[in-house]
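**Q** what shape does this take:
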Amino acid sequence: MTDQRGNIPGLVHFVCQDYVGITRGRGMARERLASQLSKGVGWVPANIGLNPFGEITDNPWGPVGDLLLMPDRDAEVFVSGADGTSPLHYFLSDIVTLDGAPWEACPRHYLKQQIAALDRLGLRVVASFEHEFMVTDIENPPPPFSLAAARSEERLCTDIHEALDEAGIEPEMCLAEYAPRQFEVTCRPADALRAADRAVSVREVVREICRRHGRQVSFSPKLANNAGTNGVHIHLSLWSADGQPLTYDSRRPGGLSELASQFTAGIHAHLPALTALTAPGVVSYQRLRPHSWTAAYACVGDRNREASLRIAPINATNGADPARQANIEYRPADALASPYLALGALLAAGIDGLRTRRTLPALVNVEPGTIPEAEYERYGMSVLPGDLAAAMAAFGRDDVLRATLDPRLIGCYERIKESELHAMADKDDQAICRDYARIY
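**A** Model prediction:
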């Protein structure tokens, strides 16, 4: 496939995603690709210490050291050029040492470690990421979910869908959403690593197509002067090594098997700390508020969109197999997060639930904000952190989750978040929204 593109003009890029959900990398002339595929391109450890605002924060490496971006040949993305635009062409890459060994602070390597830990238990996870975004230059948005809203951006959404399809990302839908100017992209589920790769590429392909159309887009969780919020909903299901579905059991609460219940209970137990990795910006907590159909409480619900963990519905028409559909949805996440860190941490929390045989709490099937505090214990319910500082404090206390992460990764991540908190300290909500929307 790559060989046939040797004469196409434009650069090809080796890219990675850093701790703040920004894709970074290096481009080269296409004729160099064949020689670079096996040896990668140079990278710098301190690059991982960039905060969203382009500042290199204090990090364990400083100016010392060198690394490589080593492309994954199975993670090539190509979207044809149009109207004089060169193709979008890149390889998602691992950050490795100069001798080719995994770099322990690489986010993609962290996810691979958790996948390997599941594999040792005879399990694998199939996942998908649902992305919401806003086309911010729409002046008079049609009604939510309407055909008019879909048709008004038919050309843009068609081009997004076709580009995602060409890139091998297997889109399912590109639809008009509830909030003004809001759209959503969903993709077919895939093994955990490919699902995270696709999450990176959905963001980049959507941005690419919007650039080509001269349109303005943002994945930031909250925008100034626009109602609604953008989330990233992460769906997960458990499967055996030989491809048998393991999530469903109609005899149990919520239709979750004992294995899936333990896995879900593990994620539930670590929810406060997980938000530091899945909702990782100061602006993220303008989204995670009660009565907003996002997630403000640590709880598990059956088809409940106010629950942090939602047991997804099963389509019973046409004799569809419920066991192959069953999945759980993690809702307190947004596109400021690295998909590799977010999904890796969810797997790590779920593995802890399996190893400790955690029990799933009672399911919340009402709006959580209506439940009296006296009943919280029954549902294993608590209020999620209300801001980034509280989330980072919860992360600092979670020894189990921290033990799965390289200490240098943790130290660098914490310095980045401290720098974000400092940068936003004297700004009001609107200014915070504008700063993050400009970047994401």
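
**Q** ok, the nearest residue to A29 once chain neighbours are set aside - how many residues close by?
**A** Of all residues not flanking A29 in the chain, L11 sits nearest, at 6.7 Å (Cβ to Cβ, 6 or more residues apart in numbering). C-beta: built from backbone N, CA, C; applies to glycine. Other residues near L11 come to 15 when the count uses other Cβ atoms under 10 Å.

**Q** does L11 touch R32 like I think?
**A** No - L11 is beyond contact range of R32, at 9.6 Å (criterion: Cβ atoms under 8 Å).

**Q** got the CA coordinates for stretch 217-235 in PDB?
**A** C-alpha atoms of stretch 217-235 as PDB (Å, rounded to 0.1, in the frame of the first residue of the first chain):
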ATOM      1  CA  VAL A 217     -14.200  23.000  14.700                       C
ATOM      2  CA  SER A 218     -13.500  22.300  18.400                       C
ATOM      3  CA  PHE A 219     -13.400  19.100  20.500                       C
ATOM      4  CA  SER A 220     -13.000  21.000  23.700                       C
ATOM      5  CA  PRO A 221     -15.500  19.800  26.400                       C
ATOM      6  CA  LYS A 222     -17.000  23.300  26.900                       C
ATOM      7  CA  LEU A 223     -17.100  26.300  24.600                       C
ATOM      8  CA  ALA A 224     -17.700  29.900  25.500                       C
ATOM      9  CA  ASN A 225     -21.100  31.200  24.300                       C
ATOM     10  CA  ASN A 226     -22.400  27.900  23.200                       C
ATOM     11  CA  ALA A 227     -24.800  25.600  25.000                       C
ATOM     12  CA  GLY A 228     -24.000  22.000  25.500                       C
ATOM     13  CA  THR A 229     -20.700  20.100  26.100                       C
ATOM     14  CA  ASN A 230     -18.500  17.700  24.100                       C
ATOM     15  CA  GLY A 231     -17.700  14.400  25.600                       C
ATOM     16  CA  VAL A 232     -15.900  11.200  24.600                       C
ATOM     17  CA  HIS A 233     -17.800   8.100  25.600                       C
ATOM     18  CA  ILE A 234     -15.600   5.000  25.800                       C
ATOM     19  CA  HIS A 235     -17.300   1.600  25.300                       C
END
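
**Q** pLDDT of that stretch, averaged?
**A** What stretch 217-235 shows for mean pLDDT is 94.

**Q** and W239, its phi and psi?
**A** Torsion angles at W239 (phi, psi; degrees, to the nearest 10) stand at phi -140, psi 150.

**Q** which residues touch it?
**A** W239 sits next to 123-126, 245-247 when contact means Cβ atoms under 8 Å, 6 or more residues apart in numbering.

**Q** at 10 Å instead, please
**A** Applying Cβ atoms under 10 Å, 6 or more residues apart in numbering to W239 gives the contacts 118, 123-126, 191, 245-247, 324.

**Q** ok, the residue lying closest to it once chain neighbours are set aside to T158 distance?
**A** Leaving aside its chain neighbours, W239 sits nearest to R124 (5.2 Å; criterion: Cβ to Cβ, 6+ apart). For R124, the distance to T158 (Cβ to Cβ, to the nearest Å) stands at 34 Å.

**Q** ok, the two, which is more surrounded?
**A** R124 (20 against 12).

**Q** helix, strand or coil for that one?
**A** strand (DSSP: H, G, I helix; E, B strand; the rest coil).

**Q** now do the helices in the stretch 1-150 of the chain.
**A** 33-36, 107-120, 147-152 (DSSP state H, counting those that start in this stretch).

**Q** what's the answer for the stretch 151-300 of the chain, then?
**A** Along the stretch 151-300 of the chain, counting by DSSP H, counting those that start in this stretch, helices occupy 154-166, 192-212, 258-269, 271-278.

**Q** one step back: does the residue nearest to A29 touch G81 like I think?
**A** No - using Cβ atoms under 10 Å, L11 is not in contact with G81; the gap is 11.6 Å.

**Q** so what sits against both of these two?
**A** Joint contacts of L11 and G81 (Cβ under 10 Å, 6+ apart) are 87, 89.

**Q** quick revisit: just the buried ones from the contacts of W239?
**A** With burial judged by 16 or more other Cβ atoms under 10 Å, the buried subset of these is 118, 123-126, 245-247.

**Q** neighbours of the closest residue in space to N230 that isn't next to it in sequence, just the number please.
**A** Spatial nearest neighbour of N230, chain neighbours left out: E132 (4.2 Å); criterion: Cβ to Cβ, 6+ apart. Look at E132: counted by other Cβ under 10 Å, it has 21 neighbours.

**Q** ok, R303 next?
**A** Other residues close to R303 by other Cβ under 10 Å number 14.

**Q** just to revisit the earlier point, so for W103, which of the helices of the stretch 151-300 of the chain sits nearest?
**A** helix 192-212 (16.4 Å; Cβ to Cβ).

**Q** show me what counts as buried in the one helix or strand A345 maps to.
**A** Assigned by DSSP states H and E, A345 belongs to helix 339-356. Counting neighbours by 16+ other Cβ under 10 Å, one finds that the buried residues in helix 339-356 are 339-354.

**Q** would you map out the domains in the chain?
**A** Listed by automatic domain parsing, the domain ranges of the chain are 9-105, 110-402+416-439.

**Q** among those, which is nearest L409?
**A** domain 9-105 (4.4 Å).

**Q** what about that closest one, average pLDDT?
**A** 95.

**Q** and the gap between S38 and R207?
**A** Separation of S38 from R207 (Cβ to Cβ): 29 Å.

**Q** so which of the two has more stuff around it?
**A** More crowded of S38 and R207, by other Cβ under 10 Å: R207, with 18 against 10.

**Q** identify the residues contacting the closest residue in space to that one that isn't next to it in sequence.
**A** Excluding the flanking residues, the one nearest R207 by Cβ to Cβ, 6+ apart is V217, at 6.2 Å. By Cβ under 10 Å, 6+ apart, the contact list for V217 reads 133-137, 156, 160, 181, 183, 203, 206-207, 209-211, 437, 440.

**Q** bridging residues for V217?
**A** In this entry, V217 is beta-bridged to V135, by DSSP bridges.

**Q** what about the stretch 251-400 of the chain, any weak spots by pLDDT?
**A** The model of the stretch 251-400 of the chain has no residue with pLDDT under 70.

**Q** doesn't P253 make contact with D302?
**A** Yes - judged on Cβ under 10 Å, D302 makes contact with P253 at a distance of 7.9 Å.
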